[in-house]
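J.: coords please:
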Amino acid sequence: MTKRQAARQLIIIGGGASGIILLTKICGVDLDLEITLIDPSEALGLGRAYSTPQPHHLLNVLAEKMSVDKNDKLDFFRFVQPRENYVPRFLFGEYLREKLAKIPAARYRHIREKASVLERKSGHWTVKTERGTCFSADFVVIATGYEKLAPAHVLKSANNSVLANVIQPYDFERLANIDPSDTVLIVGTGLTSVDVFLELKSRGARDIHFLSRRGLVPLPHATSAAPSLTSHFRLPLLAGYSPLQILQVFRLILRQDPSLLSAITLDLRHQASRIWSCWSRDERRKFIRHLKPYWEITRHRIPRTVDEQLAKSRERGESKFHSGRILSTNKENDGLVVKFQPRRSPQVQEISCRWIVMAVDAPIDQKLELSGARNSLQLSPLGLGYENHGAPGLWLLGPPAKGGMWETTAIPEICSQADDILENLKRLVLQEGAIDLNPFCVHAEEGGESYQTHLSVATRYARSFAGISLKLFVHAVFPFWFENDASEYVRNAGPKVSRRRLKHFSVSKIRK
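T.: Presented below is the predicted three-dimensional model:
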């Protein structure tokens, strides 16, 4: 039987927080891997979130929960030695950079180019950069982040001159040009808008407007730890529940005890990936359209000190919040006029401002062209990164995994996903030091199974298909028999096969 040495080439696409967290974890163990990290940035480990230098841009997670070392939960806490519960975000960037600096230079190579094509061919992955350089690997991790520019199409303007007064949220050079007396409109009311608000207030801004479809602002963290769920209020396993049914569960519990909001949100967060994987595409679309804003403000909270600044600014009339849909944006003298349809009101209103800051969600980077693995790796049709349906030797980490897992962007989730990827790599690299090239075994091993396991499962499916074929024949002759058996089987068989493949390559770790 022919043998070859186990695959040892790993490519990590993306050098932001996700990619560097994974790199530090892999380099912390003894694995015979040659690692190539492809990212055009010179400064690794920062990404969009941790590249901000401003001290008023805070983490929205306690320092004691931000360690990337699962064996040392207070690693980051000791690094920052915080005087406050929530520390500036740039400190976490420095923490990751320090971790990176401790990795020997010979342990990995950094290619300062942008990956453009990912191809699966002859059992290997090939990554091609925008400059045309090609790299071959046995394993690939896609750990890219978000696009740099927030979309301006929401302004509904056909006049490109409008863009001269439109600023991206982290363009600090242009934000510095805003005079304290200028009227500023922040489009969006999520976490990014809070960052913009803090930046403007640090520069003395006195006339700030917020506008989003619902006008929802992130809730503040609770003053104390969330109460534990008692047995009476414990959430059931909600995988298989529709978005509406989960909303009904939420409402039922909160009607009995509103103080449990933080606790049930935390419990639901631990089930989120499993729930998301069970929803149909239509259910996911409905959640994004109707419930996502409410989940986001409950799940991703802000420090109470920041919430107090928002409240005080509101009381003084320096900040005004609007909910509605933008109808048009037009140039007027040196400023802009934004017309919008207020929520639940027929009367069109307008805001005259000098500047607009785009604080809407930046889209996840989906510019990687896929080739040769389209049945197992696909772009998310909802714009949520990618969906991995069992592509062998490939994993998604951080924002690119959102399409298949939903909760993937907070550091605790990213660390959990990275730990799972590391365990999979250990298994694949170290299993017997070699991979069988017997044609009877190659396909099974790509799915993480032995030949015997694959034979057993495939035979079981064959028997099921034979049984349903017989029922279909009987149904064809006697239409009143087995009316729904075939459609139910087809509906359930696909997800079962996908889940069987995904269990070997999934990076989600669901806490029950």
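J.: stretch 46-62: end-to-end distance?
T.: End-to-end distance for stretch 46-62: 19 Å, by CA to CA, to the nearest Å.
J.: also stretch 298-310?
T.: Terminal residues of stretch 298-310 are spaced 17 Å apart (CA to CA).
J.: same check on stretch 280-297?
T.: For stretch 280-297, the first and last residues are 24 Å from each other (CA to CA).
J.: buried residues in it?
T.: Within stretch 280-297, the residues that count as buried by 16 or more other CB atoms under 10 Å are Glu283, Arg284, Lys286, Phe287, Ile288, Lys292, Pro293, Trp295, Glu296, Ile297. Every residue, glycine included, has its C-beta placed from N, CA and C.
J.: could you measure from the spatially closest residue to the fourth one that is not a sequence neighbour over to Leu291?
T.: Ranked by CB to CB, 6 or more residues apart in numbering and with sequence neighbours excluded, the top spatial neighbour of Phe287 is Pro243, at 4.5 Å. When distances are taken as CB to CB, to the nearest Å, Pro243 and Leu291 turn out to be 6 Å apart.
J.: read off the pLDDT value for the residue nearest to Phe287.
T.: Reading off the confidence values, Pro243 has pLDDT 92.
J.: that one contacts Arg289, doesn't it?
T.: No: because the distance of 9.9 Å does not satisfy CB atoms under 8 Å, Pro243 is recorded as not touching Arg289.
J.: elements contacting the longest strand seen in the chain?
T.: With DSSP state E setting the assignment, residue counts place strand 319-332 as the longest strand in the chain. With contacts taken as 3 or more CB pairs under 8 Å, 6 or more residues apart in numbering; DSSP states H and E, strand 319-332 sits against strand 207-212, helix 304-315, strand 335-342, strand 349-353.
J.: Leu384 is nearest to which of these?
T.: Comparison of the helices and strands packed on strand 319-332 against Leu384 by CB to CB identifies strand 207-212 as nearest, at 19.6 Å.
J.: what lines up beside the closest one in the sheet?
T.: strand 183-187 (parallel), strand 319-332 (parallel) (DSSP bridges).
J.: so what touches the helix or strand hosting Lys201?
T.: Here Lys201 is covered by helix 191-202, with elements defined by DSSP states H and E. Counting contacts by CB atoms under 8 Å, 6 or more residues apart in numbering, the residues outside helix 191-202 that touch it are 52, 54, 56-57, 60, 150, 169-170, 172, 175, 178, 184, 186, 208, 210, 212, 217-218, 300, 302, 306, 309-310, 313, 319, 357, 359-362.
J.: gap between the residue nearest the centre of the chain and Pro342?
T.: By CA atoms, centre = their mean, the chain has its centre lying nearest to Pro399, at 3.1 Å. Counting by CB to CB, the separation of Pro399 from Pro342 is 32 Å.
J.: now do Leu31
T.: Summarising the geometry, the distance separating Leu31 from Pro342, computed by CB to CB, is 57 Å.
J.: cool, and His322?
T.: His322 sits 7 Å away from Pro342, taking CB to CB as the criterion.
J.: what residues do those two have in common as contacts?
T.: Between them, His322 and Pro342 share these contacting residues under CB under 8 Å, 6+ apart: Gln349.
J.: so where's the longest helix in this structure?
T.: As far as residue count goes, and with DSSP state H defining each element, the longest helix of the chain is helix 451-477.
J.: show me what it packs onto, helices and strands only.
T.: Using 3+ CB pairs under 8 Å, 6+ apart as the contact criterion, the secondary-structure elements in contact with helix 451-477 are helix 442-446, helix 485-505.
J.: how far away is Phe210 from Leu291?
T.: Separation of Phe210 from Leu291 (CB to CB) stands at 21 Å.
J.: by mean pLDDT, which helix or strand of this protein comes out lowest?
T.: Every helix and strand of the chain was ranked by mean pLDDT, DSSP states H and E. The lowest is strand 434-436, at a mean of 44.
J.: about what we covered before: out of the strands paired with strand 207-212, which is closest to Lys73?
T.: With distances scored as CB to CB, the stretch of the strands paired with strand 207-212 nearest to Lys73 is strand 183-187 (36.0 Å).
J.: residues contacting that closest one, please?
T.: In this structure, residues lying in contact with strand 183-187 by CB under 8 Å, 6+ apart are 154-155, 178, 193, 196-197, 200, 205, 207-212, 326, 335-336, 338, 351-360.
J.: just stretch 152-163 next, same as before
T.: Contacts with stretch 152-163, where a contact means CB under 8 Å, 6+ apart, come from 166, 187, 326-331, 336, 338, 356, 358, 360.
J.: cool, stretch 95-105 as well?
T.: In this structure, residues lying in contact with stretch 95-105 by CB under 8 Å, 6+ apart are 17, 20-21, 23-24, 27, 43-46, 50, 66, 68, 76, 79-80.
J.: mind redoing it with 6 Å?
T.: Applying CB atoms under 6 Å, 6 or more residues apart in numbering, the contact partners of stretch 95-105 are Ile20, Thr24, Cys27, Leu44, Gly45, Phe76, Phe79.
J.: wait, doesn't Pro40 sit right on Lys114?
T.: Yes: Pro40 is within contact range of Lys114, at 4.7 Å (criterion: CB atoms under 6 Å).
J.: between the two, point out the one with more neighbours.
T.: Lys114 (17 against 13; other CB atoms under 10 Å).
J.: and that one, what does it touch?
T.: Neighbouring residues of Lys114 by CB under 6 Å, 6+ apart: Pro40, Glu130.
J.: what about 8 Å?
T.: Lys114 makes contacts with Ile38, Asp39, Pro40, Thr129, Glu130, as judged by CB under 8 Å, 6+ apart.
J.: so which of the residues you listed wins on neighbours?
T.: Taking other CB under 10 Å as the neighbour criterion, Asp39 ranks highest of those with 25 neighbours.
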